[in-house]
Structure formats: C-alpha cells, structure tokens
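Engineer: Provide a 3D model corresponding to the input given below.
(chains A and B)
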Amino acid sequence: MSKTISNSTRTLLTVIAIAGLLITLVPSFLNWQGIIGPERVNTLMMWGTIIWFVPAILLFGKEPETTENE
Amino acid sequence: MKAETITKKLDNLYEFDREPVKKGKLQGIGNFLGMYAGEHVAGTEFVIGILFVAHGVSVTDLFIGGFIGNVLAVLSWALITAPIAVRERLSLYWQLRKICGPVLVFIYNIVNALMFCFLAGAMVAVSATAVGIPFNIAMPSLGDLYPNSIGWVLTVLAVGAVITVIAIMGFESLARFAKVAAPWMFIIFVAAAVNSFPKLGIDANLGNFWQVANDTIWTGTAREGVSQFTIWHVIFFTWLANAAMHLGMSDLSIFRYAKKWYYGFSSAVGMFLGHYVAWIASGVLYAAATSDAPGPVAWQAVGLAGAICVVVAGWTTANPTLYRAGLALQVASPNWKRWKVTLLAGAITTIAAMFPALVMRLLDFVALYGLILIPMGGIIFADFYLFKKAGLQTYYAEKHNLNFNIAAGATWFILLATALFANRVMGIDLFFLPFPTWVAAIVLYLGFSKVYQRSR
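Structural biologist: Purely as a prediction, here's the structure:
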C-alpha cells in the first residue's frame, strides 16, 4: 500500500487524519465552555471518528514491507 | 504426554526466535514508544478507572498514588527487565527453558494461556456492555458475579463468537487496526471526560475542579458492598498491574530488540497516557454516569463514538490476547491445527466472559495474573545477577540437559501456595503480594539452587 501512495497524497491523508482527531477532541471542550450543546458534541465526535479512521487505515494500517523477527 | 514430545513441540513453536536477536534486527526507540502507547490504552482502562472510583479512592490517592505506582512500574521495566533483555537478547521462552527446563516451561505456558483466556474474557464482556445497548440488555452491576440475564449471555456469546472467528481468520490485520485505533481511543477517553465536566458542575475555568473531584468523583468512600481502597492499594496496583511484563520478565521478548537498555524508559508513555490519564478520565465518566458497565458509561458521556470506543477497546485487547492464548495452548494440544486451538481458547474465553465477576473484579484478577507469573521473573533475575557471584551455575537446565529444574519448580509452587495462604487465611490483599513474592523467589531460588546444584 505504502508504495502506491505518493508523498503529496500521504501529506494530505495525514492532514485529514489529524483533522479527524481534532474534530473528535475539540467539541467536548466547546461544550464545557458552553459554546455548543452535548448533542452536537456527539455528532461531531462521530464525524471525527470517521474522518480519522479512513485516512489512518490507509496510512498506518499497511502490511509491513519486511518481515520482522517477531 | 512424554517429556520429549513436549520439548519438541515447544521448540518447534518458538523455533523462529531460538537465537539471540542479531544486531541488524535491533530497533530504534520510536518503535518502543509507539508499542507502549498503543498497548496500554486499552479496554481494561475503561474498567480500572471505574473500579477505583467504586472502591472509594480519594483524589490524593489517585493522583499521588497513581504517579508513584507508574514511576515504579517504569523503573521496573527500565532498570530490571530491559538490562537483562539487551544483554541476553533472548525471548522469555528460551531464557526460561535454559534455566527451568522444557517441562516446567510447559506448565508455565499452560497457566499463562489460561490467564490470557480470562483476560480476553474480561475484554469480551467489556465489548458486550456496549453491544448490548441498542437491545436494552440488562447490564451487570458492581455486585454481580454470575450472568444476570439471557440477553447478557446471548450478547457475550455473539461478541465472543465474532472475536474468535476474527482471531482464527487473521490476527495480523486486526493487530494493525489496533495500532490505528490507539490514538483515537486515547482522544475519546479525554474528550469523554471533558464532555462530562458540565454534568459534574466543573466551572469553565477549572476553578472548582479539586472541590468537585473531592466531593463528587473520588470521594474517598467506597460504594456499598465494595472494599475500601487506600493510597497503598493504588500505588501497588498501579505498579504491579503489569507485573507479569516487567518484574515477571515477559517483556524480555520485547526489549531483546532494543539497542540500549534505557529504552525501558519508553514504557513511561504507556504508563502515563494509559494508566494515569485514561484511568483518571474513566473515573470522571463514571462519576457522571448512572451505570456500572463501561458501555453505557461511555454512551452517556459521548454517545455513539463512546460506545464504539468501548467495543473497539475491548475487541482490540481481546484479540491479540486470544491469539497468544492459542499459541500457548498449542503445545498442550494433540497436534491440533492453530484454528482448532484458537477455537478452544475462544470457547474458554467466551464462557468466562459470561461471568460479570471477571469485569467487576478485574482489579483482583489483574493482581492475581501478575502474582502467578511473577516468581519466574525473580528466578530469571537471580540467575542473571546473582548466580555467578554465589558460585552457582547459570542456565542450569540447559547445561545439565534437565527437563525440570526442581529448584525453580519448588520455588514457584511453594511461593504460589504461600501467596494463596497469605490471601485466603491471613486476609492480605492480592495487590500487596506480587512484590514480596518476587523478592522471595530470588532468595528461595538462590537457596534451593545451592542445595540442588551441590547434591547433583
């Protein structure tokens, strides 16, 4: 998998994955500060989860290229 | 089964790592940081944080006791396990085989496999608490030891079956998925805790955090029917939650790939993210929830993402544990294929998972797990550091072609019997037993070996 992903695509996927984590984390702080409600937090966290997993599986869920001794 | 058969099967199973790790296979510290961060933010964290609150741990107990316990755990990995690992570069199996002989290692393997099945069972039950939410299954509570409804049994059966089938079909792909899930799980832990702050009345500027923490979260008073914990319980539990891995030396198999002994300090990432921040976070969630089961607790905090996190956390912890149990059981099975052994391990795991006691008494189980395996770590420690100074032969079983090193076997069995007596008759909590048992293993093995080696 890693051989088929170009550097620019890899950068883009990394940015999307990090955005996913941020979308998962930040809404709870906004709820605590009284800016958004708990229902919206739940929805945003679910979106953040999806946005994290799709690129993260492409980036990090690859088969190892060399077999480890383990 | 004959000793030769056991030896042959064990050796075949561990054939690939018979030799010390070669220089070209050594790994940088990044791999160890990643591995520890991933492995210690797991399904167990959801339960342990909850149980600390239920056992009446106070704020000081948790924050100071947890800190001290984690520091001791990191020091155990860095100063005891890793130095032996980088000098010998052998897996736990081969190190034990050279000291204890294959038959004793066989017994150790079977005990280890059963412990793995029960640990995986606890994680299947954790996942089931989330899977059961849409079906309105009656969830087990703190006092439940036996299955409390048909719905619970069916949910556990379904989750156990899925996890077993996946373990049979492909452990590797799920292991990679677990690595991907680890950072997200940690974020969910933190986010869910922060999202619970308003429910607990914590001000937006954190001004009343300690007051709320004292009055509402870690109140210092145990829930009804649950024993009262002190700071000593927290210190010893936190230190020895992974006793089998550090003082028990299981992680020799990991650190034999380390370039330097001080890579042992990389365990700090796992300890302080998983066994500190995540335990604190799950305690916060529990204080804001109306259930004792991890699934509903996470669901109430952050909805679907929280419930998915509980399923994933339980699943990704259960799967490699089930795989390891299958591997360890393989030596005892009559030439069964891997899938059959994994199926057997899965069946034991699923049946165990039906008993909520496994989750609700997880702290006791984790302590027992460490206690049973820790004497072998003391034996390795004595062999490595003290035997030459005491004029004794190291790797005695290998040098004398023994199937069973009686000095090591007697050390292990006597200490297990003593620990059982101390717990059952003298009423000493399981948490306090692993460290004295480890020290006693060093002393006893030295003493027994003096007599044993001179008598031969």
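Engineer: and B:Asn70, that's in a strand?
Structural biologist: No - using DSSP: H, G, I helix; E, B strand; the rest coil, the assignment for B:Asn70 is helix, not a strand.
Engineer: what's around it, how many residues?
Structural biologist: When neighbours are defined as other Cβ atoms under 10 Å in any protein chain shown, B:Asn70 has 23 of them. (C-beta placed from N, C-alpha, C; glycine too.)
Engineer: who's in contact with B:Gly264?
Structural biologist: B:74, B:77-79, B:81-83, B:255, B:258 (Cβ atoms under 8 Å, 6 or more residues apart in numbering or on different chains).
Engineer: Look up phi and psi at it.
Structural biologist: Note on B:Gly264: its backbone torsions stand at phi -60, psi -30 [degrees, to the nearest 10].
Engineer: and the gap between it and chain A?
Structural biologist: 18 Å (Cβ to the nearest Cβ, to the nearest Å).
Engineer: mind listing the helices in chain A by residue range?
Structural biologist: Ranges of helices within chain A are A:7-32, A:38-60, based on DSSP state H.
Engineer: Can you tell me which of these is most buried?
Structural biologist: Greatest average neighbour count among the helices of chain A goes to helix A:38-60 (a mean of 19), per mean count of other Cβ atoms under 10 Å in any protein chain shown.
Engineer: what's the spacing between it and its chain's center?
Structural biologist: Distance of helix A:38-60 from its chain centroid, counting by Cα atoms, centre = their mean, to the nearest Å, is 6 Å.
Engineer: Nearest spatial neighbour of residue 34, chain-adjacent residues omitted?
Structural biologist: Just so you know, I chose chain A. Using Cβ to Cβ, 6 or more residues apart in numbering or on different chains and skipping residues adjacent in sequence, the residue nearest A:Gly34 is B:Ala204, 6.5 Å away.
Engineer: try chain B instead
Structural biologist: In space, and not counting its chain neighbours, B:Gly34 is closest to B:Lys179: 7.5 Å by Cβ to Cβ, 6+ apart.
Engineer: name the element the one you found belongs to?
Structural biologist: Using DSSP states H and E, B:Lys179 maps to helix B:171-200.
Engineer: Now do that helix: distance to the chain's middle.
Structural biologist: With Cα atoms, centre = their mean as the basis, the mean position of helix B:171-200 lies at 19 Å from the chain mean.
Engineer: Would you mark the buried spots in that helix?
Structural biologist: Neighbour counts over helix B:171-200 (16 or more other Cβ atoms under 10 Å in any protein chain shown) mark B:171, B:174, B:176-200 as buried.
Engineer: So in chain B, where's the weakest helix or strand by average pLDDT?
Structural biologist: Least confident helix or strand, chain B: helix B:3-13 with a mean of 67, by mean pLDDT, DSSP states H and E.
Engineer: After it, which helix or strand is next? Please name it.
Structural biologist: Following helix B:3-13 in sequence, per DSSP H and E, is helix B:29-39.
Engineer: which outside residues touch that following helix?
Structural biologist: Residues contacting helix B:29-39 (Cβ under 8 Å, 6+ apart): B:178-179, B:182-183, B:186, B:254-255, B:257-259, B:263, B:266-271, B:273-274.
Engineer: and the angle for that helix with helix B:171-200?
Structural biologist: 60 degrees (axes from the mean of the first three to the mean of the last three Cα atoms, to 10 degrees).
Engineer: Render the CA-only coordinates of the helix or strand following helix B:29-39 in CSV, please.
Structural biologist: Toward the C-terminal end, the helix or strand that comes next after helix B:29-39 (DSSP H and E) is helix B:43-54. Once non-C-alpha atoms are left out, helix B:43-54 reads as follows in CSV (Å, rounded to 0.1, in the frame of the first residue of the first chain):
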residue,chain,number,x,y,z
GLY,B,43,-10.3,-1.9,27.1
THR,B,44,-9.0,-2.5,30.7
GLU,B,45,-8.5,1.2,31.2
PHE,B,46,-12.3,1.8,31.0
VAL,B,47,-12.9,-0.7,33.8
ILE,B,48,-10.0,0.2,36.1
GLY,B,49,-10.8,3.9,36.3
ILE,B,50,-14.4,3.0,37.1
LEU,B,51,-13.4,0.4,39.8
PHE,B,52,-11.1,2.9,41.5
VAL,B,53,-14.0,5.3,42.0
ALA,B,54,-16.2,2.4,43.2
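Engineer: Closest approach to chain A from the stretch 301-450 of chain B, which residue is it?
Structural biologist: For the stretch 301-450 of chain B, the residue closest to chain A is B:Gly303, as judged by Cβ to the nearest Cβ, at 3.2 Å.
Engineer: What is the neighbour count of that residue?
Structural biologist: Neighbours around B:Gly303, by other Cβ under 10 Å: 19.
Engineer: Report pLDDT for it.
Structural biologist: The per-residue pLDDT reported for B:Gly303 equals 94.
Engineer: OK, contacts around the residue nearest to it when sequence neighbours are not counted?
Structural biologist: Excluding its sequence neighbours, the residue lying closest to B:Gly303 (Cβ to Cβ, 6+ apart) is A:Asn42, at 3.2 Å. A:Asn42 sits next to B:302-305 when contact means Cβ under 8 Å, 6+ apart.
Engineer: Can you pull up the most central residue in the chain?
Structural biologist: Looking at chain A here, since you left the chain open. Nearest to the geometric centre of chain A sits A:Trp52, at 1.9 Å (Cα atoms, centre = their mean).
Engineer: if you could check chain B rather than the one you did, that'd help
Structural biologist: Centroid-nearest residue in chain B: B:Asn242, 5.1 Å away (criterion: Cα atoms, centre = their mean).
Engineer: Next one: the residue of chain A found nearest chain B from B:Gly306, what distance?
Structural biologist: Proximity of chain A to chain B (Cβ to the nearest Cβ) peaks at A:Asn42, 3.2 Å away. Using Cβ to Cβ, to the nearest Å, A:Asn42 is found at 8 Å from B:Gly306.
Engineer: So which residues on chain B come close to chain A?
Structural biologist: B:16-17, B:21-22, B:25, B:172-173, B:176-177, B:179-181, B:183-184, B:187-188, B:190-192, B:194-195, B:197-198, B:202, B:204, B:253, B:257, B:302-306, B:308 (Cβ under 8 Å from any Cβ of the partner chain).
Engineer: any idea of the mean pLDDT in the helix or strand hosting B:Ala125?
Structural biologist: Using DSSP H and E, B:Ala125 maps to helix B:102-131. Helix B:102-131 shows a mean pLDDT of 91 in the predicted model.
Engineer: try stretch A:17-30
Structural biologist: Averaged across stretch A:17-30, pLDDT comes to 97.
Engineer: export it as CSV, just CAs?
Structural biologist: Taking Å, rounded to 0.1, in the frame of the first residue of the first chain, the C-alpha atoms of stretch A:17-30 are listed here in CSV:
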residue,chain,number,x,y,z
ALA,A,17,-6.4,12.2,9.9
ILE,A,18,-5.1,14.9,12.3
ALA,A,19,-8.2,16.9,11.5
GLY,A,20,-10.3,13.9,12.4
LEU,A,21,-8.7,13.6,15.8
LEU,A,22,-9.2,17.4,16.4
ILE,A,23,-12.9,17.1,15.4
THR,A,24,-13.1,14.2,17.9
LEU,A,25,-11.5,16.2,20.7
VAL,A,26,-12.3,19.9,20.4
PRO,A,27,-16.2,19.7,20.6
SER,A,28,-16.1,18.4,24.1
PHE,A,29,-14.1,21.5,25.2
LEU,A,30,-16.6,23.7,23.4
